[in-house]
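1. Fold the following for me, if possible:
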Amino acid sequence: MKKFIIDPMDLSVEEIDDLIALANDIIKDRTRYQDVCAHKILATLFFEPSTRTRLSFESAMLSLGGKVLGFPTANVSSASKGETVSDTIHVVSGYCDIIAMRHPKEGAPVVASSTCTVPLINAGDGGHNHPTQTLTDLLTIQREKGTLKNLTVGFCGDLKFGRTVHSLLKAMSRYEGTKFVFISPDELKLPEYLKEDILDPMGIEYKEVRSMEEVMPELDILYMTRVQQERFFNEQDYIRLKDSYILTPEKLKNAKKTMRILHPLPRVNEISVAVDDDERACYFRQALNGRFIRMALILKMLGMEVK
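-> Predicted coordinates for the structure are as follows:
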């Protein structure tokens, strides 16, 4: 496994399958793993606010018997004084055994890796990549559907800025028989580079639509996203687009009983709370899976095994 996990494509399909198998084993018997990382330290460097990603990383390391240090936002770090990312990472590398870093600027983890002396995990960089959310999504799909092959995956909402969408698309494109349906307004369509660099060269079947209802019967997975206010430069554009797609029980009437609804969270109003009790809604199970897949990734990157 690579020392730095910056993009989901840094992991081979075989490595992802191994991580999923390890996460499933952790879920079966957490006590076997509770002391594997004793005396190891994880640094969580979050230059951008986070709830689930930061806390699940910290919970993962604590559940492995390790310790955690770090900061939750840039304004409580020396970044507020003008320190560069590369300098911060260079220093913090000496305080820990592994780093999880989130940053609002695309490409920041690549810069960080130039001075990092310990394993580094990208916990999200702007609208670019979010590999551990992708691993969380893949574990969830595997546990809910029993496979990662021959699935029709629908992405709905903000496909332009949604780093979770971009990362999962890259990962799922490597599994046999995957088809994609992209549901969004024109202003938030999937970036062209993802079609040109991944979908078209690999001959993957996909279509772009504006209506959720017209494609609902086709979907095995519906991946909902929020329209992210923090990615907009113009507040008026955000206000105009934020309610583009709202999933309600009514819209699920023609969906397969076996379909599963994922969401990276946080949600605003794009999924009605009335959907939460539907057996197809698995976004809270998905959030919990994030803890276990991050435990597996930490173990693999540190080369730790259960004795």
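
2. switch to C-alpha atoms for all contacts and neighbour counts from now on
-> OK.

3. quick one, helices of the chain?
-> 13-28, 52-63, 85-92, 108-113, 131-145, 163-172, 192-194, 200-202, 235-241, 283-302 (DSSP state H).

4. Show me what the first one is packed up against.
-> By that I understand helix 13-28. Here helix 13-28 is seen to pack against helix 131-145, helix 283-302 when contacts are counted using 3 or more C-alpha pairs under 8 Å, 6 or more residues apart in numbering; DSSP states H and E.

5. Contacts for it next, please.
-> Surrounding helix 13-28, the residues in contact under the criterion C-alpha atoms under 8 Å, 6 or more residues apart in numbering are 1, 32-33, 135, 138-139, 174, 292-293, 295-297, 300.

6. Show me how to select, in PyMOL, the buried members of the residues you listed.
-> The buried subset of the contacts of helix 13-28, as determined by 16 or more other C-alpha atoms under 10 Å, is captured in PyMOL by this line:
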select buried, resi 33+135+138+139+174+292+293+295+296+297+300
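
7. and the gap between T73 and A281?
-> Using C-alpha to C-alpha, to the nearest Å, one gets 31 Å for the distance from T73 to A281.

8. remind me which residues of this protein are low pLDDT?
-> For the chain, the stretches flagged by pLDDT under 70 are 74-81, 228-235, 237-244.

9. how far away is the spatially most central residue of it from R267?
-> Of all residues in the chain, the one closest to the mean position by C-alpha atoms, centre = their mean is Q133, 1.7 Å from it. Here the criterion is C-alpha to C-alpha. By it, Q133 lies 15 Å from R267.

10. sorry, back to before: quick one: contacts for the closest residue to the residue nearest to the centre of the chain other than its chain neighbours?
-> For Q133, the nearest residue in space outside its immediate sequence neighbours is T164; the separation is 6.5 Å by C-alpha to C-alpha, 6 or more residues apart in numbering. With contacts defined as C-alpha under 8 Å, 6+ apart, T164 is in contact with N129, H130, P131, Q133, T134, P264.

11. of all these, which comes closest to E214?
-> Among the contacts of T164, P264 lies closest to E214 (C-alpha to C-alpha), at 23.4 Å.

12. wouldn't that closest one be in contact with C282 here?
-> No: under the criterion of C-alpha atoms under 8 Å, P264 is not in contact with C282, lying 10.6 Å apart.

13. All set, thanks.
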